[in-house]
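**Q** how would this look folded up:
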Amino acid sequence: MRQLTVTIPDDFYETFVSFFKHIPDVSIDENVKDEVPLWQQEMVLERMKNAKPEDYISWEESKKRRDAKWNK
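**A** Predicted structure coming up:
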């Protein structure tokens, strides 16, 4: 037997799984532990869409702010 990892669009998932469920000796193991929930993906995309250039800061500035806050 061989093992295959496949990444598919969410809207094709049900069709894909239903097709393979009918094949003997096929097992489908869903790896959902690393999956970002759809509501969270939508929230991030909305925030990115509404962000202004001045809302972004560099990693260096972010690190300075973090260190100032937590390394008192």
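**Q** Helices of this protein, start to end?
**A** 13-21, 38-50, 59-70 (DSSP state H).
**Q** Run through this structure and note the low-pLDDT ranges.
**A** 72 (pLDDT under 70).
**Q** Make CSV out of the helices of the chain and add mean neighbour count and distance to residue 6.
**A** (C-beta placed from N, C-alpha, C; glycine too.) Output for those, formatted as CSV (neighbours: other C-beta atoms under 10 Å; distance: least, C-beta to C-beta, whole Å):
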stretch, mean neighbour count, distance to residue 6
helix 13-21, 10, 8
helix 38-50, 10, 19
helix 59-70, 10, 33
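**Q** The ones you listed into JSON lines, with extra columns for distance to residue 28?
**A** Listed next are the helices of the chain as JSON lines, based on distance: least, C-beta to C-beta, whole Å:
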{"stretch": "helix 13-21", "distance to residue 28": "6"}
{"stretch": "helix 38-50", "distance to residue 28": "20"}
{"stretch": "helix 59-70", "distance to residue 28": "39"}
